[in-house]
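Engineer: Test case, fold it:
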Amino acid sequence: MSAEVNALYQQACSAEYQNNIPDAIEKLKQAISLEGNDSLLYTKLAGIYSEIGEYEKALQAYSRAIELKPDDAFIYISVGSIYETQGKYNDALKAYNKAMEIFPEYKYNYLNIANVQYQMHDYKEAVKIYNKFLEIYPQHWDARENIAACYLALNLPEKAVQEYTKLYNKNSSKIKDLANYGIALVKIGEYAKGAEILEKAIENDSDNTSCHVSLALAYQELGNNDLALEQYNIVFQQLPNLHSIRLDYANLLAEMGKNSEAVEQYKIYISNYPSDIRAYKNSAIVYKRMKNLDMAIESYEKALAIKSTDLEIKKDLASCYHSKKNYIQALKLYDEILQAEPDDIDTKTNKAIALHALDRYEEAIVLYEQVLAVKADNTVKANLVKAIVSEGFVFLHTNNYSKAAEYFQKAVAKDTANDYAYYGLAKAYRGLEMNDKAGEMYEKAIALNPDETLYSNEYGEFIAALYNQNNDVSVVNDDELPEISLTDDGQMVKSNSETLAKNKDLILLGDENYRKKDYETALKNYQNALDINPNDEVTLLKMGNIYKLKNDNLKASELYKRAIVVNPDYTDGWFNLGLVYANDNNIAEAKKSFNKVIAVDPQYAYAYYALAIAAETENDKTEALKNYKLFLQYNKDAANVSQVQDKIRSLEK
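Structural biologist: Alright, predicted model coming up:
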């Protein structure tokens, strides 16, 4: 540099120092006109242009300086700084990297590169470079704060908190990024400290929506629901369309018991995020709390459509169907759950209860016993005994006294204080003509529940019947005298009285074999009796009952039909025919038969009971209720009273 050029350079520096920028620029231009190959002049001119914001002119000057001195790393750093200021981060990064290539010993340049990568949201690479810088300058505040922000952006809040905490403990008033520090604390579950920091951040910047969101979550987790609600309200005032946080907002409203408001927020969230299964599950819980099982079911069904393998959703959905007494749907879900988790005791228990409610006692009994084999549960044990007793009464109603007695004995073995089981056993023994045992069972039932007048009244009738039977005096009426006829030669001969007696003996023999469960022999006895008197509807009914026990519904129905052909008003024939139709799931024909029974005998209680069950099968709640109440009105046998009363209460809910 010549003396004249050097003098101009010094004058330019002095003018710059005096803030006379135009004069400084003019002096440098004069110097360049005299000696245009000195890079220092262009570097100085570019620096002045950069200071006054004339970035394009500065870049032109730096470009000429690089041509003259291509290995000057600091020129590239200056160029990078201008590009960074302009937001041209790719160009800035190229310039800084070129400087690093030329002068790798200048480690401070790591900060420039890391800052640009941070601005470009290349947080992973930025962290790598910041760490290189901090190895050399570990106390650099801005680098520490920026690397903390990178960690938070990379969803590494634990590392972010470590960095922020070091800075905060060193000088809490100096930290600039209180918002991100608070947000990171909330993310790692340090809600109290997070709330404290976020409150300070909001004092400095009340418009920072992210701070309000995180503070709302912190308050929510701390149980400060009113404060959380206040923060959510601020957020939605600032950003009404920030729907991503409405799930948390809805959860808060639900927790505060604001169920209707919570439901509305779940709806808004779902409309924007229709695939988020959490919203459907949480809204279903709120609907259940509101007793709106239909909407709860709808929400669970939608959740299940998103994730069909989610067993917890299936369990919750099954619970809703169960609560609605839609046991058929509940059972389908219970079966799916048990297929995946065969040892789920709670589901087995619930399935047993559903089967019990559907009068599928045998299946319920099996499941109750499986549950009790795993764990002792007094409620399950009580349900098991009820199912066993109910099955006993089913057999009792079909006159299968031996099978009924077997079930009642099993119930008594499991619960020696069950008065209803003893009562059922008494009726079974009575049907088997085991009168001593019947009397004993009546007495046990009465002793266990002396306030139940049904037991004592029936026991009194039983004793009276026995007394009359044992003290019966035969009186021959005119219509019981043997008929006399004359042969052609005038000799007297007996009429068919002997044949009728044989018919009676065959029927009695058939009854005896029936009680012994020798059904094949009983059928032969009854058939022989029918050969004598083919129009005996009672014997036809007995044969039909045997085939019904053998699950031969076709033959049973044929015999019942023969019985009602013989006697069109034979109510027991019509009733048992209806039961066969019901067993075959021919509900329409079953109902016709039961209605025929009522048409003949309006006080035939069990026809109403059967119609009620049919109505339940068809989900006709009103018709079921009506018939159960008519059953109670006409019933003279307490066998099913308690069960029917339970059904009525259940249907009226």
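Engineer: Which residue, other than its chain neighbours, is closest to residue 383?
Structural biologist: Of all residues not flanking residue 383 in the chain, residue 368 sits nearest, at 5.9 Å (CB to CB, 6 or more residues apart in numbering). For the C-beta atoms, the positions are set from N, CA and C on the backbone; glycine is no exception.
Engineer: For the one you found, which three-state class applies?
Structural biologist: Under DSSP: H, G, I helix; E, B strand; the rest coil, residue 368 falls in the helix class.
Engineer: please renumber so the chain begins at 523
Structural biologist: Sure thing, new numbering starts at 523, so read that last one as residue 890.
Engineer: ok, how many other residues are close to it?
Structural biologist: Residues contacting residue 890 under the criterion other CB atoms under 10 Å number 27.
Engineer: pretty sure it contacts residue 906?
Structural biologist: Yes. Counting by CB atoms under 8 Å, residue 890 does reach residue 906; the two are 3.8 Å apart.
Engineer: Spell out the residue ranges of the strands in the stretch 623-772 of the chain.
Structural biologist: Applying DSSP state E, counting those that start in this stretch to the stretch 623-772 of the chain gives no strands.
Engineer: which residue ranges form the helices in it?
Structural biologist: Counting by DSSP state H, counting those that start in this stretch, the stretch 623-772 of the chain has helices at residues 631-641, 645-658, 663-675, 679-692, 700-709, 713-726, 731-744, 747-760, 768-777.
Engineer: Can you lay out these as JSON lines showing distance to residue 957?
Structural biologist: Output for those, formatted as JSON lines (distance: least, CB to CB, whole Å):
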{"stretch": "helix 631-641", "distance to residue 957": "98"}
{"stretch": "helix 645-658", "distance to residue 957": "92"}
{"stretch": "helix 663-675", "distance to residue 957": "88"}
{"stretch": "helix 679-692", "distance to residue 957": "83"}
{"stretch": "helix 700-709", "distance to residue 957": "80"}
{"stretch": "helix 713-726", "distance to residue 957": "77"}
{"stretch": "helix 731-744", "distance to residue 957": "73"}
{"stretch": "helix 747-760", "distance to residue 957": "71"}
{"stretch": "helix 768-777", "distance to residue 957": "64"}
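Engineer: Quick check: which element contains residue 1131?
Structural biologist: Per DSSP states H and E, residue 1131 falls inside helix 1127-1139.
Engineer: any idea which of the helices of the stretch 623-772 of the chain is most buried?
Structural biologist: Highest mean neighbour count among those (mean count of other CB atoms under 10 Å): helix 700-709, with a mean of 24.
Engineer: got the angle for that helix vs helix 713-726?
Structural biologist: Orientation of helix 700-709 against helix 713-726 (axes from the mean of the first three to the mean of the last three CA atoms, to 10 degrees) gives an angle of 160 degrees.
Engineer: Find the residue ranges of this structure scoring beneath the pLDDT cut-off.
Structural biologist: Applying pLDDT under 70 to the chain flags residues 986, 989-1020, 1158-1162.
Engineer: Strands of that one, residue ranges please.
Structural biologist: 1006-1008, 1014-1016 (DSSP state E).
Engineer: Can you tell me how far residue 1131 is from residue 1100?
Structural biologist: 11 Å (CB to CB, to the nearest Å).
Engineer: what do you get for residue 1106?
Structural biologist: Residue 1106 is 11 Å from residue 1100, where distance means CB to CB.
Engineer: Those two: which is more packed in?
Structural biologist: residue 1100 (27 against 13).
Engineer: For that one, which non-adjacent residue is closest in space?
Structural biologist: Of all residues beyond its chain neighbours, the one nearest residue 1100 is residue 1115 (3.2 Å), with distances taken as CB to CB, 6+ apart.
Engineer: how many other residues sit next to that neighbour?
Structural biologist: For residue 1115, the neighbour count with other CB under 10 Å is 24.
Engineer: and what of residue 881?
Structural biologist: 15.
Engineer: Would you list the phi and psi of it?
Structural biologist: When read as degrees, to the nearest 10, the backbone of residue 881 gives phi 60, psi 20.
Engineer: Let me see the contact set for residue 1088.
Structural biologist: 1057, 1058, 1059, 1062 (CB atoms under 8 Å, 6 or more residues apart in numbering).
Engineer: Quick check: the second one touching residue 1050?
Structural biologist: No. Applying CB under 8 Å, one finds residue 1058 not in contact with residue 1050, separated by 11.7 Å.
Engineer: what's around residue 792, how many residues?
Structural biologist: By the criterion of other CB under 10 Å, residue 792 has 20 neighbours.
Engineer: Look up how far residue 974 lies from the residue nearest to it when sequence neighbours are not counted.
Structural biologist: Leaving aside its sequence neighbours, residue 792 sits nearest to residue 801 (CB to CB, 6+ apart; 4.9 Å). Per CB to CB, residue 801 is found 53 Å from residue 974.
Engineer: Equivalent analysis for residue 949, please.
Structural biologist: Distance from residue 949 to residue 974, by CB to CB: 14 Å.
Engineer: out of the two, which sits in the more crowded spot?
Structural biologist: Neighbours per residue (other CB under 10 Å) separate residue 949 from residue 974, with residue 949 holding more: 24 against 15.
Engineer: wait, that one sits on residue 918?
Structural biologist: Yes. Between residue 949 and residue 918 there is a contact at 5.8 Å, judged by CB under 8 Å.
Engineer: Skipping adjacent residues, who's closest to residue 538 in space?
Structural biologist: residue 546 (4.2 Å).
Engineer: surely the one you found meets residue 532?
Structural biologist: No. Using CB under 8 Å, residue 546 is not in contact with residue 532; the gap is 10.9 Å.
Engineer: wait, doesn't the residue nearest to residue 792 sit right on residue 785?
Structural biologist: No. With contact defined as CB under 8 Å, residue 801 does not reach residue 785; the gap is 10.7 Å.
Engineer: between these two, what contacts are shared?
Structural biologist: Shared contacts of residue 801 and residue 785, defined by CB under 8 Å, 6+ apart, comprise residue 772.
Engineer: Residues contacting stretch 1124-1133, please?
Structural biologist: Here stretch 1124-1133 has contacts from 919, 1093, 1097, 1100-1101, 1104, 1112-1113, 1116-1117, 1119-1120, 1123, 1145, 1149-1150, 1152-1153, 1155-1159, 1162, 1166, using CB under 8 Å, 6+ apart.
Engineer: Just give me the neighbour total for the closest residue to residue 1021 other than its chain neighbours.
Structural biologist: Ranked by CB to CB, 6+ apart and with sequence neighbours excluded, the top spatial neighbour of residue 1021 is residue 1054, at 5.9 Å. Around residue 1054 sit 17 other residues, with neighbours defined as other CB under 10 Å.
Engineer: Check the one 3 residues further on too.
Structural biologist: By the measure other CB under 10 Å, the count of residues near residue 1057 is 12.
Engineer: Just give the nearest non-adjacent residue to it, would you?
Structural biologist: Closest residue to residue 1057 apart from its sequence neighbours, by CB to CB, 6+ apart: residue 1088 at 4.9 Å.
Engineer: how far away is the one you found from residue 1123?
Structural biologist: Going from residue 1088 to residue 1123 by CB to CB gives 17 Å.
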